[in-house]
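Participant: sequence plus predicted model, see below.
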Amino acid sequence: MCRPLYLPILNAIEAHDPYFVQKQDAAHILELSLLQKMTSAMRILSYGVTADVVNDYVHIGESTAIESLQHFCNSIIEIFGPEYLRSPTTTKIARLLAIGEVRVFPGKAPPVHYTINGYTYNMGYYLDDGIYPQ
């Protein structure tokens, strides 16, 4: 992720959730930083790895990585949800389908009927070049 995109997200999350503010414990030792917590959450989401895998990269324990992920997801939904996670309007859906048709990708498969190995199908599907065996 590029820095100009990453930093505003980081700052918004830090301002929104006190969990991400770096604090000192009773022995005056700094806890994990915002960068460690957010990076672990983003790596789990981006690469689909388990929480214990990020320990090697970010030096964060499994339970803290899971907690960071939960706080990160909740913060993203609360901060950016109203703008980016809203349901599309009918107008926007129609616009996206029109763009798809211009690119020769209609919104649904054409009606078809076929039989394979004795099973009859009435629903089409798209084949992508080069990914299916002959």
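Facilitator: Sure thing, it's come through.
Participant: distance of the residue nearest in space to the middle of the chain from residue 69?
Facilitator: Residue closest to the average C-alpha location in the chain (CA atoms, centre = their mean): residue 45, at 5.9 Å. Noted for residue 45: a distance of 7 Å to residue 69, by CB to CB, to the nearest Å. Heads up, the C-betas are built off the backbone N, CA and C, glycines and all.
Participant: returning to what we had before: and the helix or strand harbouring the residue nearest to the centre of the chain, what's buried?
Facilitator: In this structure, residue 45 sits in helix 34-47 according to DSSP states H and E. Using 16 or more other CB atoms under 10 Å as the test for burial, helix 34-47 gives 34, 36, 37, 38, 39, 40, 41, 42, 43, 44.
Participant: the fifth one touches residue 58, doesn't it?
Facilitator: Think residue 39. Yes - contact criterion CB atoms under 8 Å: residue 39 and residue 58 qualify, at 5.3 Å.
Participant: give me the pLDDT for the most far-flung residue of the chain relative to its centre.
Facilitator: For the chain, the C-alpha farthest from the mean C-alpha position belongs to residue 118; by CA atoms, centre = their mean, that distance is 39.9 Å. Residue 118 is assigned a predicted lDDT (pLDDT) of 86.
Participant: on the three-state scheme, the residue nearest to residue 33 when sequence neighbours are not counted is what?
Facilitator: Leaving aside its chain neighbours, residue 33 sits nearest to residue 22 (5.0 Å; criterion: CB to CB, 6 or more residues apart in numbering). With DSSP: H, G, I helix; E, B strand; the rest coil as the basis, residue 22 sits in coil.
Participant: with that, I have no additional questions.
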